[in-house]
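A.B. asks: Sequence and predicted structure below; questions after.
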Amino acid sequence: MMPQFHTLFCKAVHYKLWENLAKGLFIFSIGFFKKVFIADSFAKWANAGFKVVENGGALNIFESWATTFSYTFQLYFDFSGYCDMAIGLGLFFGIMLPLNFNSPYKSLNISEFWRRWHITLGRFLKDYLYIPLGGNRNLKYQDSKFYEALNKLLTLRNLFLVAFLSGIWHGAGWGFIIWGVLHGSAMCVHRIYGLILERFQLQKKSFCGVKSIKSFVGFLPLIS
């Protein structure tokens with residue numbers, strides 16, 4: 001991003017000013033619509049359900065699911081809208097911000113979900129936490145005769161720690177800690193699942209029940 005600030009002072013790029021303003025306004029408007037008209041609409045349903053529970057009431061099964069999905073899509077369109085608005089505002093000043101949200105609810109598993117949701121945070125955690133911990137190679141122990149098994153265990157540890165700490169990053173509360181544990185556990189389950197397929201030389205697309213498993217793992221972000 002830093003080289004972009006230098007180009008702002010180059011006369012050669014001034015002709016793009018109006019083009020960037022038009023693109024920025026368009027993208028910002030889409031994000032604004034997502035936030036105000038979609039996310040805030042879902043928020044009314046979610047808050048209504050939460051308020052009943054906070055006041056000591058109980059929700060029936062339909063109200064519970066309505067509240068759950070309303071809150072799920074409130075978060076989705078909130079974050080999607082904010083990302084679009086940020087990109088639009090950046091274009092107003094001639095700055096192209098990186099993509100930070102790429103339809104995460106289309107993901108087929110939890111790993112793909114985190115490659116699509118909050119992309120810049122995921123990249124930061126990968127570069128400054130996951131890889132320094134050893135990543136999925138853990139070369140510090142490559143001379144060990146048990147390296148293959150040890151590497152797999154340490155990779156699971158690294159995945160869990162990154163997800164757990166990302167939960168704490170979102171907020172210092174028990175809800176976020178539980179959220180981090182759930183996502184860390186889901187990441188480990190998905191990696192173990194992949195190792196099992198690799199061990200028995202099974203193809204994911206032909207393995208019995210894989211679609212159901214993927215759907216379940218992909219659903220974890222919604223309920224957490």
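C.D. replies: Thanks, I have the structure now. These numbers come from a predicted model, not from an experiment. Residues are numbered from 1 along each chain as shown.
A.B. asks: hang on, isn't residue 89 packed against residue 28?
C.D. replies: Yes. Between residue 89 and residue 28 there is a contact under C-beta atoms under 8 Å: 6.3 Å. (Each C-beta comes from the backbone N, C-alpha and C, glycine too.)
A.B. asks: neighbour count winner among those two?
C.D. replies: Neighbour tally, residue 89 and residue 28, criterion other C-beta atoms under 10 Å: the higher count belongs to residue 28, 20 against 16.
A.B. asks: dump the residue contacts of the more buried one.
C.D. replies: Residue 28 makes contact with 84-85, 87-89, 92, according to C-beta atoms under 8 Å, 6 or more residues apart in numbering.
A.B. asks: Spatially nearest residue to the residue most central in space within the chain, not counting backbone neighbours?
C.D. replies: Geometric centre of the chain, nearest residue: residue 117, 2.5 Å, by C-alpha atoms, centre = their mean. Using C-beta to C-beta, 6 or more residues apart in numbering and skipping the chain neighbours, the partner closest in space to residue 117 is residue 104 (3.8 Å).
A.B. asks: Please apply the same query to residue 50.
C.D. replies: In space, residue 50 is closest to residue 67, 6.9 Å off (C-beta to C-beta, 6+ apart).
A.B. asks: Can you name the residues that contact the one you found?
C.D. replies: Shown in contact with residue 67 (C-beta under 8 Å, 6+ apart): 45-46, 48-50, 59.
A.B. asks: so of those, which ones are in helices?
C.D. replies: Counted as lying in helices by DSSP state H, out of these, are 45-46, 48-50.
A.B. asks: Just give me the closest of those to residue 183.
C.D. replies: Closest approach to residue 183 among those (C-beta to C-beta): residue 46, at 20.5 Å.
A.B. asks: Show me how far the biggest helix by length in the chain is from its chain's centre.
C.D. replies: For the chain, the helix with the greatest residue count under DSSP H is helix 61-92. Relative to its chain's centre, helix 61-92 lies at 12 Å (C-alpha atoms, centre = their mean, to the nearest Å).
A.B. asks: What is the subsequent helix or strand relative to that helix?
C.D. replies: helix 110-116 (DSSP states H and E).
A.B. asks: Can you tell me what sits against the very next helix or strand once past that next one?
C.D. replies: For helix 110-116, the following helix or strand on the C-terminal side (DSSP H and E) is helix 119-125. Residues from elsewhere that reach helix 119-125 (C-beta under 8 Å, 6+ apart): 98-102, 114-115, 162, 165-166, 169.
A.B. asks: Kindly provide the distance from residue 17 to residue 86.
C.D. replies: For residue 17, the distance to residue 86 (C-beta to C-beta, to the nearest Å) stands at 19 Å.
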